[in-house]
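In: Take this sequence and fold it.
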Amino acid sequence: MKSNPFIHFIREVHGKFQTSVFGTAQGGQNSQQIAFLRQLQREMKAEEVMSVPLEEFSAVVFDIETTGFFPEQGNEIISIGAVKVKGSEMLEDERFYTLVRHENGLPDEISTLTGITEAELERAPALEEALIQFFKFVKGDTLVAHHSAHEKKFMQHASWKHFRAPFKHRIVDTSFLQRIAEPHTDFVRLEDLCEHRSIPVTDRHHALGDAIMTAKLWCGYIEDVKKEGCRNLRDIYERIAAG
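Out: Down below sits the predicted model:
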């Protein structure tokens, strides 16, 4: 049975932070990084995103490229891309992108799909270093992703593997807004939705390119759900829960 992303979101929003966001960092992390992670936890605990007006709602829209679909089977994150949004505006200059050094070989089909080469990954930072930089970019903001189960699964696995703690950032799925703005559409793939919404499809399967397209999709949906009477995330989730 497919899990309900709305239920997962509500549990995360109302759940208690029983442990540090990242727990005790492993040997490679220095005291400055640990201090940052503790400050991040405080910011996340203080934030109340559900009642923020949509026109003021700040988020980081992100995407990852991976070597497969199953982190528990050794598939890895090889790039992370993100862009910030506020309300229905994408902040063009607030971007993040990094390649990630991997532990296993890069499959030829993934290299062809993403354009990433083995040589580029050999020069890239390790995943724990890339995650620290990503979290510094995100700070306490809510994350947004397109059909986010893939991103969430890999981020949860990486957070536990490298920091021995659960991944606690909230991730809002674009499909939640789609269900309100366009309840009769059944598009799933990012490129199909972008074409449907007259958003140019560029740099597909590049983490930053996909994040930018997702951000444009998100910004359009923010305007649409506001017209449907949604003032904040609480209204969005109540509308979804009501069916």
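In: residue contacts, the residue nearest to residue 133 when sequence neighbours are not counted?
Out: Spatial nearest neighbour of residue 133, excluding adjacent residues (Cβ to Cβ, 6 or more residues apart in numbering): residue 98 at 6.3 Å. Using the backbone N, CA and C atoms, a C-beta is placed for each residue, glycine as well. Residue 98 makes contacts with 79-80, 124-125, 130, 133-134, as judged by Cβ atoms under 8 Å, 6 or more residues apart in numbering.
In: Counting neighbours, which of those end up buried?
Out: Among the contacts of residue 98, the ones that count as buried by 16 or more other Cβ atoms under 10 Å are 79-80, 124, 130, 134.
In: Farthest-apart pair in those residues, please.
Out: 124 and 134 (13.0 Å; Cβ to Cβ).
In: For residue 124, see how far away the residue nearest to residue 133 is.
Out: The spacing between residue 98 and residue 124, counted by Cβ to Cβ, to the nearest Å, is 7 Å.
In: And residue 56, by the same measure?
Out: Taking Cβ to Cβ, one finds residue 56 at 35 Å from residue 124.
In: ditto for residue 177
Out: Using Cβ to Cβ, residue 177 is found at 33 Å from residue 124.
In: can you check residue 191 too?
Out: Counting by Cβ to Cβ, the gap from residue 191 to residue 124 is 26 Å.
In: same question, residue 183
Out: 41 Å.
In: now swap in residue 242 and tell me
Out: Residue 242 is 45 Å from residue 124, by Cβ to Cβ.
In: Export only the CA atoms of stretch 94-114, formatted as CSV.
Out: Output of stretch 94-114 as CSV, limited to C-alpha atoms (Å, rounded to 0.1, in the frame of the first residue of the first chain):
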residue,chain,number,x,y,z
GLU,A,94,20.3,32.1,-4.5
ARG,A,95,21.5,28.8,-6.0
PHE,A,96,23.4,25.8,-4.8
TYR,A,97,25.1,23.0,-6.8
THR,A,98,27.7,20.4,-6.0
LEU,A,99,28.9,17.2,-7.4
VAL,A,100,29.5,14.4,-4.8
ARG,A,101,32.4,12.0,-4.7
HIS,A,102,31.1,8.4,-4.7
GLU,A,103,32.3,5.1,-3.3
ASN,A,104,31.3,2.8,-6.1
GLY,A,105,31.7,3.0,-9.8
LEU,A,106,29.6,5.3,-12.0
PRO,A,107,27.4,3.3,-14.3
ASP,A,108,27.7,4.2,-18.0
GLU,A,109,24.0,4.8,-18.3
ILE,A,110,23.9,7.3,-15.4
SER,A,111,26.9,9.1,-16.9
THR,A,112,25.0,9.3,-20.3
LEU,A,113,21.8,10.4,-18.6
THR,A,114,23.3,13.1,-16.4
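In: Report the buried residues of it.
Out: Neighbour counts over stretch 94-114 (16+ other Cβ under 10 Å) mark 95-102, 106, 110-111, 114 as buried.
In: next one: stretch 226-243
Out: 226, 230, 232-233, 235-237, 239-240.
In: Could you work out the end-to-end span of it for me?
Out: One end of stretch 226-243 sits 17 Å from the other (Cα to Cα, to the nearest Å).
In: okay, residue 160: pLDDT?
Out: Note on residue 160: pLDDT of 91.
In: Can you identify the element that follows the host helix or strand of residue 192 toward the C-terminus?
Out: In this structure, residue 192 sits in helix 190-196 according to DSSP states H and E. Where DSSP H and E defines the elements, the next helix or strand beyond helix 190-196 is helix 207-227.
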